[in-house]
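Undergrad: My questions are about this predicted structure, shown below with the sequence.
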Amino acid sequence: MTVLLGDPVLAELRQILGPEHVLTGRADRLNRTRVPAPFPVHRWAERMPDLVVLPASTEEVAEVLRLADSLRIPVVPRDGGTGLTDGAVPLRGGIVVDVKRINQIKEIDLDNRTCTVGTGINALKLNEVLGRHGLIYPDDPASYPCSLVGGRIGTSGWSLIGSRYGHTRDLVLSFDHVLPGGRVIHVGDGIGRKITKSSSGYQLKHLFMGHQGTLGIASEATLKLFPKPEAEFSPFWAFEDYDSAYRAVGALARAGVATFAGAVLFDEWKVDYLRRDDEAYIPQPSSVKALVCAALYGYEDEVRAGGRRLLRIARSLGARYLGDEISEGDWAARHDRYATPLHGRTRSGQVVPMSWHCEDASINYTNLPAVRLAWHEIADRLRRESDVFDDWGMFAYTNGATGADYLTEIDIGIWEQRLDDAAWEAWVRAKRDLAAVTLAHGGSISACHGSCRAGEVDLVPEELGGGYDVMLAIKRAIDPNNIMNPGKYLLDQAYAEKS
Amino acid sequence: MPDPEKRPETTPEKRFAEEWRNAAYNCFSSGHKFCREVCPVTQVTRNESWSPTAFHANVVAMEQGELEIADVAADYVNCTGCGACELRCPNSLFTGDFYRFRTRTVDLVKAVRGLAVRQGVHQPAWQRWNLLTDERGHEPVLNGTPVDQARVRDWAAGLDLPIGGETILFVDCEAAFHRTSVPRAVARILNLAGYKFGLMHEQWCCGGPAAEMGYEEQARRFARHNLDDWRAGGVRRVLVLDPHDYVTFTEDYPAYFGDAYDIEIVLVVELLAELIREGRLTPHVPVERTVTYHDPCRLNKRKGVWREPREILRAIPGLTFHDVDRVTQWSYCSGAGGGLPVEKPELTARISEQRVGKAAELGVDTLVSACPWSERPLSEAGRARSIDVVDLHELLAESLGVAP
Amino acid sequence: MKYRYQDEMSPPPARRVTDVAITRFEHVFEVEPALMTDHVTQQDFPNWDTLRLVRSRADHLAWMHRHFADKVLSGEELLHDLDE
């Protein structure tokens, strides 16, 4: 449905939100269409909403949803808009509900170690305040300096130090959630706002996280806090081949060190890529073929003990410690080294601005080597087809403290200035192929971003099997008029069945 | 091959996008928007249309024929030119020096504003402000009381400063007409140290504000006048007390005059720190205040100058100094830059309130700045919280025991 | 920092580091300029700006450590402990 200027709905929205918080300008709408994942620029306008609202409270969100539901107008929630699976992209026009203004810190509960915030807040800004109380909210995505709590809930994001502190689903205790019809419910473990474990009723918290905005909008969240770590240790090691690095990362993750917050494996392609412009790796000898890093957080005495143990394990497996300067610098740069487009190179080596796109399956440790080779083959095919694509190498990050599975990512540079329809088709095909490799190796299509973009989304019903049918039934029950982010996750099927 | 039947229509927007294309894509294609939470405007409005990344994305949209300058000119008002976005951008901070290609949001905003003015799309308050500046040679900083060429040196009354000479002190419009105690303090301190300097023959506004608001031709004309005046007077060195002037003289003037630009520019704060280090100035009168320091954006973010002001503060006896590090202050701003207070004073006020709120959390009684332009809105916000806003140069003068 | 145009626009001479990188300032790498000729061309970059970014990067990295923990442990020191 299209909302036209002068439509009575505009007047009503202005009444609800105040006129300055209802935006209809072309630039306002174009900029609420943008997300980091590449899409052909010449098709940008296809994804424009009809208007944008900037609510300041749960009540305002609820009123907007009530109105939209009664008029069957699509609604797409938007927070930081940094997600990589297009959750915040409107596919059917309608209203973008941008919740960035709901960013207050409502409460810091020092005794129960929680805080309650508006979901438009950024974790770095929150931690600047919590730091004064010696506390931290340790949800640490690569987008840490700009992603917002509501987006973390809507995508059920992943944290770089999640092996120590858990991921978003573990760190968000509960939240106010506005259902598509405008009803506000509180979702958590049981009814509690600050309860960390309940067995009362269905466990709804997981359902209302990671739905990519298809089930409603979270507006206020209660978060779990930890003592700000006294000490950090982030060793980086070099290896002469991938297999040694692969063995080492597995051993580090399985070591059972309590302060272990995560480890990352970099493959040969990634090391080659870093040699293009990373000050730490330009001077490294050519014998360096793979890298592993680990991060530990906690009290100094426990980090020291754990650090020594990991250093001993790495050394026994052929690792060369890269020194304090690289180790400290590279870990602190963990948010900054992804999204710099001039990493891009044409086949002849010329510098071009490419967007960074990362496919992020969850893969068991034992399947990492096979998935890696199959994925690089797909990336190589793309590169041979077109200069638009560039293989930026792979990372594998520990998901948990035991080393069972890894967020496995292949980074592909995409030269958006030249992303025409043919290249886009090739990309969508490649995404489908990457997801197929994942499923063939018992993995999940996404560990982190979600899986509702073109290409990969086709395989979601296959991945979830009977669970996908339950998904359809839930969508229909909660959003009978299909107003919430329609077109995502192939959920329109839920309504086709009904009619 | 392009179809000769279908010649692409060329619009001013498309020609503009041609020039800014790679810079715009270097932001557009960068998935992370670290600019947003350091941008003073985005922080207080939470409006993504007024975020640095939107300013780049709009250029891509112009290239695609999706936007015209009239659609977006008013959005580009919402920038103080503080430089936080371009510094915090990984394309500057992590790869800018490597590629010799960094994010230049401030230049882009100026260029879009310039495009708007050339296309006849004016912001009313900016148009009036620059008209008055053009008439009078100085910015109309006195709220209705006309500024006057004959009074541009009134601040120096009784100081017996020479006119001309190899080294001159340039005093920005705000300090020359409104914050007159700041240049007086600077002049008296330099005299105390025995540092020789004079004043300009016929000082006009530096032209920087006109350039920031898009009135490029006027900005160049003012710059030309000042450079000619310096040359005619045999000036080799210009001392600058205002961070905005410092940026104009070290970025705009070089861009206008290129190789012919042979004037040495010296920032007064750096000079004073050096004079203290050399023992030529020794602050000795205790100043009993509990202070924090406001890093002026154009010094800290745009020029990397943050050490010297702290050096000066630490040399003043009696002060209790609660410092906030320079990186945390990348997200602080007074809201006074880039013409924002001229066109949207209410937004400047919100940004100032936020900045003063940060100072209040530290329990200080005084916020020290080193930028005359920041001091008006900060003082207004400070009054509500009983926090004095004091200029660093004046504070130093007090501790050196020199008369106001 | 005294600003003089001629000084600022005269970078130190380049020395080759790898096929794709050179260096002009100590510990600071730059791309081989020949790689930025076809699509993206380099900007005018006064020396102060290069040094401002390098120093700001170091300050930012130190800030990021402080933001997440009170202190950073040295791997070199811990390795030394292992050898004791």
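TA: Yep, that arrived.
Undergrad: Confirm for me that residue A:473 is in contact with residue A:494.
TA: Yes - Residue A:473 is within contact range of residue A:494, at 7.3 Å (criterion: CB atoms under 8 Å). In this view, the C-beta of every residue, glycine as well, is placed from N, C-alpha and C.
Undergrad: Who has more neighbours out of those two?
TA: residue A:494 (21 against 12; other CB atoms under 10 Å in any protein chain shown).
Undergrad: Confirm that one sits in a helix?
TA: Yes - under DSSP: H, G, I helix; E, B strand; the rest coil, residue A:494 sits within a helix.
Undergrad: Tell me the pLDDT of it.
TA: Residue A:494 is assigned a pLDDT of 96 by the prediction.
Undergrad: quick one, what contacts it?
TA: Counting by CB atoms under 8 Å, 6 or more residues apart in numbering or on different chains, residue A:494 makes contact with A:472, A:473, A:475, A:476, A:482.
Undergrad: Next one: it relative to chain C, how far apart?
TA: Going from residue A:494 to chain C by CB to the nearest CB, to the nearest Å gives 42 Å.
Undergrad: Can you pull the phi/psi pair for residue B:196?
TA: phi -80, psi 130 (degrees, to the nearest 10).
Undergrad: Read off the pLDDT value for it.
TA: 97.
Undergrad: Also residue C:84?
TA: 80.
Undergrad: Next, count neighbours for it.
TA: Neighbour tally, residue C:84, other CB under 10 Å: 4.
Undergrad: Count the residues that sit near residue A:131.
TA: 15.
Undergrad: do the same with the one 3 residues further on
TA: Using other CB under 10 Å, the number of residues around residue A:134 comes to 12.
Undergrad: Now name the helix or strand holding residue A:257.
TA: In the assignment (DSSP states H and E), residue A:257 maps to no helix and no strand.
Undergrad: is it true that it touches residue A:308?
TA: No - here residue A:257 does not reach residue A:308: they are 9.9 Å apart, not a contact under CB under 8 Å.
Undergrad: Give the next helix or strand downstream of the lengthiest helix in chain C.
TA: Counting by DSSP state H, the longest helix found in chain C is helix C:47-68. Next helix or strand after helix C:47-68 toward the C-terminus (DSSP H and E): strand C:71-72.
Undergrad: contacts for that next one?
TA: Here strand C:71-72 has contacts from A:230, A:231, A:232, A:233, A:234, A:300, A:328, C:65, using CB under 8 Å, 6+ apart.
Undergrad: what about residue A:141, is that helix, strand or coil?
TA: coil.
Undergrad: Now do it: how many residues are near it, please.
TA: Residues lying near residue A:141 (other CB under 10 Å) number 26.
Undergrad: okay, it: pLDDT?
TA: For residue A:141, pLDDT reads 97.
Undergrad: Can you read off the backbone torsions of it?
TA: Residue torsions, per degrees, to the nearest 10, at residue A:141 are phi -80, psi 170.
Undergrad: For it, list the residues it contacts.
TA: By CB under 8 Å, 6+ apart, the neighbours of residue A:141 are A:147, A:152, A:157, A:158, A:159, A:160, A:448.
Undergrad: Scan these and report the most crowded one.
TA: Busiest of the contacts of residue A:141 [other CB under 10 Å] is residue A:152, holding 31 neighbours.
Undergrad: Surely residue B:253 and residue B:225 touch.
TA: No - Residue B:253 lies out of contact with residue B:225 (CB under 8 Å); the separation is 11.8 Å.
Undergrad: Turn the contacts of strand C:71-72 into CSV, including neighbour count.
TA: Compiled in CSV, those are given as follows (neighbours: other CB atoms under 10 Å in any protein chain shown):
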residue, neighbour count
A:230, 17
A:231, 20
A:232, 26
A:233, 30
A:234, 27
A:300, 17
A:328, 23
C:65, 17
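Undergrad: tell me, which of the residues you listed make contact with chain B?
TA: Of the residues in those, proximity to chain B by CB under 8 Å from any CB of the partner chain holds for none.
Undergrad: Among these, which ones are in strands?
TA: A:231, A:232, A:233 (DSSP state E).
Undergrad: Closest one of those to residue B:294?
TA: residue A:232 (30.1 Å; CB to CB).
Undergrad: For the closest one, give me its contacts.
TA: A:295, A:296, A:297, A:303, A:331, C:65, C:68, C:69, C:71, C:72, C:73.
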